[in-house]
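Pasted the sequence and its predicted model underneath.
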Amino acid sequence: MIEKQINQKAWFMVLPVFLLVAFSAIIPLMTVVNYSVQDTFGNNQFFWVGMDWFRELIHSERFHDAFLRQIMFSGIILSIEIPLGIVIALAMPKEGWGVPVCLISMALPLLIPWNVVGTIWQIFGRVDIGLLGHSLAALGIDYNYTQEPIAAWLTIIAMDVWHWTSLVVLLSYAGLCSIPDAYYQAAKIDGASRLSVFRYIQLPKMQRVLLIAVLLRFMDSFMIYTEPFVITGGGPGNSTTFMSIDLVKMAIGQFDLGPAAAMSLIYFLVILLLCWIFYTIMSNVGEESSNGGV
Amino acid sequence: MRWKWLVPTLYIIFLLLPIYWLVNMSLKTNQEILSIFSLWPQNLTFDNYKVIFTDASWYSGYINSMIYVSMNVVISVTFALPAAYAFSRYTFVGDKHLFFWLLTNRMAPPAVFALPFFQLYSSIGLFDTHIAVALAHCLFNLPLAVWILEGFMSGIPKEIDETAFVDGYSWPRFFVKIFIPNIASGIGVTAFFCFMFSWVELLLARTLTAVNAKPISAIMTRTVSASGLDWGVLAAAGVLTIVPGALVIWFVRNHIAKGFALGRV
């Protein structure tokens, strides 16, 4: 840790970033707040409705369902991708030709535009022309993601695991690579088992990067929009209508600006709260380890 | 332990299968896609790619995407450099809150901002320009760039700064001549991430453009809905969106592991 100097002039270095982000963040946010407390009869005539939209939204079943689906989705994604990512990172080669091969092929899905990811899985899962759908049908499994909610969920989860597990792998791998060889040698001399090496050497060293992984994966899965939109369009029925999809449907599809704005704000506040919790945990862990904790 | 290599191998196969299927489809004719189920193209054809490279409404999408992505990378890195330096070296009033506020913008769901962005950029006459998309993507890329660069800069010992100032370097000269070469790999990684998130984003890019700056990914969605599903061309367009990403990964392959940890290992 570097000891930092107090210097108020440093604000001038931060100012350009501050202004640019403020321009893109605060003005639109004010617009949203503005809509959330008004109603309109069209013709750009607005009148004040106060907290009505918020009250309506908090009691609406549609919002509850979308919110629950969202929480469930993020929960499933995290509980699959984090352990899987750690296992793969542990098994990855540390040197030799295997390293670049692994890194490059694993990073590949991360750089595919999100709607193309959707398209890839839309094609892959189709029963008539897709490898996955066709193979499943050939095995006699009844699978059709446009008709059955469960198949739709499984497809989207498989897609997200395919798309994002690599991020967890690469982060964990970076953490593992930072462990000096001496640690392993010491463990070997002590006769430590594979499990205790993982528990007492590898896991603590990965803690920081794993927190980043959980944070990024949670946030991104919580605001997922493009991929399920391309694959299922929120259906069948409403079974894969996550928060973002519902929001865009409301704002741009039905042009219900008031409720959509209220939903945006609640959505944003939920994310802000969770983000703050993660951030606090993260910086606490950071301080502990820099104080020579682990 | 002897079977350890099997885990990453299986995982990579799982990753590459859907991509292979896309490539496979892009090399078939539509008739073949819909009539026979085959693991590789029976009559190899490059017609689908020819359509994209000869039709301006297709290839202009790639050019548009490239333009706004590069603009965004340049803006993000240039603005983030001094800010990240300030965060890594100095404390000042409100620095922690500012840093957190910046990060919250990385966490803001684009769906929340789509409509207000549309109105904001329409009202200042920037709708359907490349710079509008580049600026909109700064919302999440600038905070990320500051975050990553700050991680890399904190790894540079402070003595380097002090020695340079003792030697009579002015701050700008020190920053350009000494500091930037020291964090070159960090800048590379930051540019990579900005490229990545700007390249893959669709919702904002689609909302802010109509014709002149329409990104390739939005053109793809249009074709899906309008022209009765031309699977071959769609697959070829998809394959071509993977290529730039693959090239960029190749350039940063040595720093990729550290980069994904945001310089904080």
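Great, that's in hand. All of these numbers come straight from a predicted model, not from anything done at the bench.

need the contact list for the closest residue to residue A:160 other than its chain neighbours.
Spatial nearest neighbour of residue A:160, chain neighbours left out: residue A:77 (5.5 Å); criterion: C-beta to C-beta, 6 or more residues apart in numbering or on different chains. In this view, the C-beta of every residue, glycine as well, is placed from N, C-alpha and C. By C-beta atoms under 8 Å, 6 or more residues apart in numbering or on different chains, the contact list for residue A:77 reads A:157, A:160-161, A:164, A:217, A:221.

with the residues you listed in mind, which one is nearest to chain B?
The closest of these to chain B turns out to be residue A:161 (C-beta to the nearest C-beta; 8.7 Å).

right, and that closest one touches residue A:83 too?
No: in this structure, residue A:161 is not within contact of residue A:83 by C-beta atoms under 8 Å, at 11.3 Å.

higher neighbour count, the two?
Taking other C-beta atoms under 10 Å in any protein chain shown, residue A:161 and residue A:83 do not tie; residue A:161 has more neighbours (17 against 11).

pLDDT at that one, what is it?
For residue A:161, the pLDDT comes out at 94.

In the contacts of residue A:77, which residue is surrounded by the most others?
Neighbour max across the contacts of residue A:77 (other C-beta under 10 Å) = residue A:160, 24 neighbours.

packing partners for the helix or strand that contains it?
Assigned by DSSP states H and E, residue A:160 belongs to helix A:149-177. Secondary-structure packing of helix A:149-177 (3 or more C-beta pairs under 8 Å, 6 or more residues apart in numbering or on different chains; DSSP states H and E): helix A:61-91, helix A:98-107, helix A:114-125, helix A:203-222, helix A:226-231, helix B:6-26, helix B:256-260.

what's the closest non-adjacent residue to residue B:132?
In space, and not counting its chain neighbours, residue B:132 is closest to residue B:126: 4.2 Å by C-beta to C-beta, 6+ apart.

Residues in contact with stretch A:49-57: which ones?
So stretch A:49-57 is in contact with A:36-39, A:63, A:258-259, A:261-263, A:265-266, going by C-beta under 8 Å, 6+ apart.

how about 6 Å then?
Stretch A:49-57 is contacted by residues A:36-37, A:39, A:63, A:258-259, A:262-263 when judged by C-beta atoms under 6 Å, 6 or more residues apart in numbering or on different chains.

Then stretch B:80-90?
A:4-5, A:7, A:10, A:13-14, A:17, B:142, B:145-146, B:149-150, B:153-154.

Next up, identify which helix or strand residue B:39 is on.
Using DSSP H and E, residue B:39 falls outside every helix and strand.

Near the residue lying closest to it once chain neighbours are set aside, how many other residues are there?
With sequence-adjacent residues excluded and distances taken as C-beta to C-beta, 6+ apart, residue B:39 is closest to residue B:24, at 7.4 Å. Using other C-beta under 10 Å, residue B:24 has 17 neighbouring residues.

and if you look at residue A:101?
Neighbour count of residue A:101, defined by other C-beta under 10 Å: 14.

How much space separates it from residue B:42?
Separation of residue A:101 from residue B:42 (C-beta to C-beta, to the nearest Å): 30 Å.

what bits of the stretch 151-265 of chain B have low per-residue confidence?
For the stretch 151-265 of chain B, the stretches with pLDDT under 70 are B:221-229, B:256-265.

Could you check which residue of it lies nearest chain A?
Nearest residue of the stretch 151-265 of chain B to chain A: residue B:245, at 2.7 Å (C-beta to the nearest C-beta).

and that residue, what does it touch?
By C-beta under 6 Å, 6+ apart, residue B:245 lies in contact with residue A:111.

Dihedrals phi and psi, it?
Note on residue B:245: its backbone torsions stand at phi -60, psi -40 [degrees, to the nearest 10].

gap between it and residue B:196?
Residue B:245 is 7 Å from residue B:196, where distance means C-beta to C-beta.

can you list the residues of the stretch 1-150 of chain B near chain A?
Residues of the stretch 1-150 of chain B lying close to chain A by C-beta under 6 Å from any C-beta of the partner chain are B:4, B:7-8, B:11-12, B:15, B:18, B:21-22, B:33, B:37, B:79, B:82-83, B:86, B:90-92, B:104-105, B:107, B:109, B:111-113, B:115-117, B:120, B:138-139, B:142.

Just the ones in strands from those residues, please.
Judged by DSSP state E, strands contain the following of those: B:90-91.

quick revisit: buried residues, the helix holding residue A:160. List them.
A:151-153, A:155-156, A:158-177 (16 or more other C-beta atoms under 10 Å in any protein chain shown).

neighbours around the nearest residue to residue B:140 once chain neighbours are set aside, how many?
Excluding its sequence neighbours, the residue lying closest to residue B:140 (C-beta to C-beta, 6+ apart) is residue B:106, at 4.9 Å. The number of residues packed around residue B:106, counting by other C-beta under 10 Å, is 22.

what does stretch A:234-248 rub up against?
Stretch A:234-248 is contacted by residues A:66, A:69-70, A:147, A:149, A:152, A:223-225, A:228-229, A:232, A:263, A:267, B:109, B:111 when judged by C-beta under 6 Å, 6+ apart.

if I look at the residue nearest to the spatial centre of chain B, how far off is residue B:69?
Centroid check for chain B by C-alpha atoms, centre = their mean gives residue B:196 as the closest residue, at 1.9 Å. To residue B:69, residue B:196 is 9 Å away according to C-beta to C-beta.

got it, and residue B:137?
8 Å.

How about the stretch 101-250 of chain A: which residue is closest to chain B?
Counting by C-beta to the nearest C-beta, the stretch 101-250 of chain A gets nearest chain B through residue A:111, at 2.7 Å.
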